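Enquirer: here are the coordinates; sequence isn't available:
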């Protein structure tokens, strides 16, 4: 709680966007709330621009999505050198296991945390961890992970857009149907794709390049990525065939597919664009907006299952699980994503289950109970207040920290420290400016940011000015 007689100094927070189509909406909401409720100075920055952002804006805190790769050591070193506090707000906070390699079940908790947080040797840099649900905090405590960090359960900001309070800020069914030439009165079946590792011309070469680039550390270091990519390709090929057949079998039903943010949309266009009742939705459209428009959801081991439960615990969700792709052939297994869903192992089963829900059947009480348990365990709540909790925790955390040095002498000392690190060879890429080009660099469209800000202002009768949220570079 604030003390009225203590003068508050404006704080700067660097918010790192790992994948705009997935993360931009939630982080803009957080930035908007930090301005509206706390008069903070939020700076939005994409992946690979973290170090220039740190040097240019000298933030009090950097909020990272994870620390999975060796390149994060450079970011953490620069942040620590200029007394910037380091916090993690995961972009993926759900279970990934069990994981099988050579018929051996690997340590579930260790892999879970490698996915959610990152490399063990970088944990010492972390000052604050914002967990989606209580399960992460419990596992950290049981395994002595992040011993020096403060761990708070906050939920995930982007999931707030699934709550009723945010309904007005998203795309409307009528508008969506007009854009994609679909019937606004027909039921809608949505496929949220998750085959991010498909579409490689040579899976062995692709996997080798992943490891050589440093992306093979963390979770990918214990997964046969070439084998996983081939499985993703098999799933993509089968799902596109089944989805096309399903749309032809139900010509009076709307169908849409939302490719995974990492997938090229043209692969879906080549397969499905000629089917009149199938819409292929651009990857930049947030899944949180599309879930609300979906009457029946289909996926394969995807977090959008649980996102759908958050928005409507009674919505039919069908998980496709081809029998020949399960077991020892598949090393990356996330069955808990499907724990509250109907399962279809053949096209006949998928057709039958879609049909029963189109005919008015409802989700069983047993599945609903499993969904409710999952939400409590991994999401904290479905109340739409996760961003409020994140902002509150960040404010309380920074309120207890020493004031960040901003004077000229302090800046000169920070600059000296940064360039000592550069000279020592610990940082191999550094630069500031809009023209800076780095492989893997993530940039986002300012128009998308301003659209979200305007929608939030309209929905919540607020007047947060666009320029209060800084876009870098």
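Expert: On my side now, so go ahead. Here the structure is a predicted model, which means the values were calculated and not measured.

Enquirer: Could you list the low-confidence segments of the stretch 101-250 of the chain?
Expert: Applying pLDDT under 70 to the stretch 101-250 of the chain flags residues 101-111, 169, 213-223.

Enquirer: What ranges does it have for its strands?
Expert: Secondary structure of the stretch 101-250 of the chain (DSSP state E, counting those that start in this stretch): strands at 104-105, 128-131, 150-153, 188-192.

Enquirer: what would these look like in a markdown table with mean neighbour count and distance to residue 208?
Expert: C-beta here means a position set from N, CA and C on the backbone, and glycine is covered the same way. Output for the strands of the stretch 101-250 of the chain, formatted as a markdown table (neighbours: other C-beta atoms under 10 Å; distance: least, C-beta to C-beta, whole Å):
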| stretch | mean neighbour count | distance to residue 208 |
| --- | --- | --- |
| strand 104-105 | 8 | 23 |
| strand 128-131 | 24 | 33 |
| strand 150-153 | 18 | 36 |
| strand 188-192 | 25 | 30 |
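
Enquirer: next one: the helix ranked longest in the chain to chain centre, how far?
Expert: For the chain, the helix with the greatest residue count under DSSP state H is helix 225-249. Between the centre of helix 225-249 and the centre of its host chain there is 23 Å, according to C-alpha atoms, centre = their mean, to the nearest Å.

Enquirer: same question, stretch 297-304
Expert: Put simply, stretch 297-304 sits 14 Å off its chain's centre (C-alpha atoms, centre = their mean).

Enquirer: same check, this time on stretch 347-354
Expert: For stretch 347-354, the distance to the chain centre is 30 Å (C-alpha atoms, centre = their mean).

Enquirer: Let's test this: mean pLDDT of it, rounded?
Expert: For stretch 347-354, mean pLDDT is 97.

Enquirer: quick check: domain ranges of the protein?
Expert: As given by automatic domain parsing, the domain ranges for the chain are 12-159+383-472, 177-378.

Enquirer: Turn those domains into a markdown table, including distance to residue 167.
Expert: Shown next, in a markdown table, are the domains of the chain (distance: least, C-beta to C-beta, whole Å):
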| stretch | distance to residue 167 |
| --- | --- |
| domain 12-159+383-472 | 8 |
| domain 177-378 | 7 |
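
Enquirer: Of these, which is nearest residue 168?
Expert: Among the domains of the chain, domain 12-159+383-472 comes nearest to residue 168, with 4.5 Å by C-beta to C-beta.

Enquirer: Look at the residue nearest the centre of the chain and tell me its secondary structure.
Expert: Nearest residue to the geometric centre of the chain (C-alpha atoms, centre = their mean): residue 91, 3.6 Å. The three-state label for residue 91, taken from DSSP: H, G, I helix; E, B strand; the rest coil, comes out as coil.

Enquirer: Ignoring the adjacent residues along the chain, who's closest to it?
Expert: residue 65 (4.3 Å; C-beta to C-beta, 6 or more residues apart in numbering).

Enquirer: And the pLDDT for that neighbour?
Expert: So, for residue 65, pLDDT stands at 95.

Enquirer: let's number from 15 now, not from 1
Expert: New numbering, starting at 15: the last item is residue 79.

Enquirer: Neighbours of it, how many?
Expert: Other residues near residue 79 come to 20 when the count uses other C-beta atoms under 10 Å.

Enquirer: Would you check that my belief about it contacting residue 30 is correct?
Expert: Yes - between residue 79 and residue 30 a contact is recorded at 6.1 Å, counting by C-beta atoms under 8 Å.

Enquirer: which residues touch residue 285?
Expert: Neighbour list for residue 285: 254, 258 [criterion: C-beta atoms under 8 Å, 6 or more residues apart in numbering].

Enquirer: Please read the previous query as pertaining to residue 414.
Expert: Per C-beta under 8 Å, 6+ apart, neighbours of residue 414: none.

Enquirer: phi, psi of it?
Expert: Dihedral angles of residue 414 (phi, psi; degrees, to the nearest 10) stand at phi -90, psi -10.

Enquirer: What of residue 375?
Expert: phi -70, psi 160.

Enquirer: Now do it against residue 328, distance only.
Expert: Separation of residue 375 from residue 328 (C-beta to C-beta, to the nearest Å) stands at 12 Å.

Enquirer: Off-centre distance for stretch 51-58?
Expert: Mean-position distance between stretch 51-58 and its chain equals 21 Å (C-alpha atoms, centre = their mean).

Enquirer: got it, and stretch 209-218?
Expert: With C-alpha atoms, centre = their mean, you get 21 Å for stretch 209-218.

Enquirer: Surely residue 316 touches residue 209?
Expert: No - using C-beta under 8 Å, residue 316 is not in contact with residue 209; the gap is 9.5 Å.

Enquirer: who's in contact with residue 247?
Expert: 209, 212-214, 217.

Enquirer: Please apply the same query to residue 464.
Expert: By C-beta under 8 Å, 6+ apart, the contact set of residue 464 is residue 480.

Enquirer: And it, which helix or strand is it part of?
Expert: For residue 464, the element it lies in under DSSP states H and E is helix 460-474.

Enquirer: quick one: strands adjacent to the helix or strand that that helix is followed by?
Expert: Note on helix 460-474: by DSSP H and E, the next helix or strand toward the C-terminus is strand 484-486. Strand pairing for strand 484-486, determined by DSSP bridges: strand 55-60 (parallel).

Enquirer: ok, and what's touching the partner strand?
Expert: 24-31, 34, 41-42, 44-45, 48-49, 67, 71, 73, 455-458, 463, 482-487.

Enquirer: Residue 52 and residue 46: what is the separation?
Expert: Counting by C-beta to C-beta, the gap from residue 52 to residue 46 is 11 Å.

Enquirer: of those two, who's got more company?
Expert: Neighbours were counted for residue 52 and for residue 46 using other C-beta under 10 Å; residue 46 has more, 25 against 20.
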